[in-house]
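1. I'd like to go over a predicted model; first the sequence, then the structure.
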Amino acid sequence: QVQLVESGGGLVQAGGSLRLSCTASGNIFSINSMGWYRQSPGKQRELVAAITTAGNTNYADFVKGRFTISRDNAKNTVVYLQMNSLKPEDTDVYYCTARLLAVGSLAWRDYWGQGTQVTVST
């Protein structure tokens, strides 16, 4: 089994910062990429940022210059999202995702965490 566990969400005032963490664990053979999505009720889940094991990053336009995704080089299974200059419209549930190959599996697939709430007050 594979698990993704997020932490670091919470309540912050506009202009403040939060750092999200995500750890993948379980029977993992290889990870291709990890990332963060967010979702509001009634809306589709949208990409926030992603990073490959080679270190290539991809950001949504609405977070460029404010959010930074990084990974723990010693632990390929940990990814962070540093969120600065937060705005009320950043309020959402943030989900960690990983594209990986589980031990004994023949296909890469996407795994998801349970999500962590980020609330930005005015």
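-> Thanks, I have the structure now.
2. so the residue nearest the centre of the chain is in which element?
-> Nearest residue to the geometric centre of the chain (C-alpha atoms, centre = their mean): Trp36, 2.6 Å. Per DSSP states H and E: Trp36 is located in strand 28-39.
3. mind exporting that strand as PDB, just the C-alpha atoms?
-> Presented in PDB, the C-alpha positions along strand 28-39 are these (Å, rounded to 0.1, in the frame of the first residue of the first chain):
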ATOM      1  CA  ILE A  28       7.100   2.500  -3.400                       C
ATOM      2  CA  PHE A  29       9.400   1.300  -6.200                       C
ATOM      3  CA  SER A  30      10.000   4.600  -7.900                       C
ATOM      4  CA  ILE A  31       8.600   8.200  -8.000                       C
ATOM      5  CA  ASN A  32       8.300  10.200 -11.200                       C
ATOM      6  CA  SER A  33       6.900  13.400  -9.800                       C
ATOM      7  CA  MET A  34       5.100  14.900  -6.800                       C
ATOM      8  CA  GLY A  35       2.900  18.000  -6.700                       C
ATOM      9  CA  TRP A  36       0.100  20.000  -5.100                       C
ATOM     10  CA  TYR A  37      -3.400  20.600  -6.300                       C
ATOM     11  CA  ARG A  38      -6.200  22.500  -4.700                       C
ATOM     12  CA  GLN A  39     -10.000  22.400  -4.700                       C
END
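4. Give me the buried stretch members for it, please.
-> Residues Ile28, Ile31, Ser33, Met34, Gly35, Trp36, Tyr37, Arg38 are the ones in strand 28-39 that count as buried (16 or more other C-beta atoms under 10 Å). Heads up, the C-betas are built off the backbone N, CA and C, glycines and all.
5. Need the max-distance pair from the residues you listed.
-> Ile28 and Arg38 (24.0 Å; C-beta to C-beta).
6. other SSEs contacting the strand holding Trp36?
-> strand 18-26, strand 46-52, strand 67-71, strand 78-83, strand 92-102 (3 or more C-beta pairs under 8 Å, 6 or more residues apart in numbering; DSSP states H and E).
7. re the thing from before, per-residue pLDDT, the closest residue to the residue nearest to the centre of the chain other than its chain neighbours?
-> Spatially, and ignoring its direct neighbours in sequence, Trp36 is nearest to Val48 (4.3 Å; C-beta to C-beta, 6 or more residues apart in numbering). pLDDT recorded at Val48 is 98.
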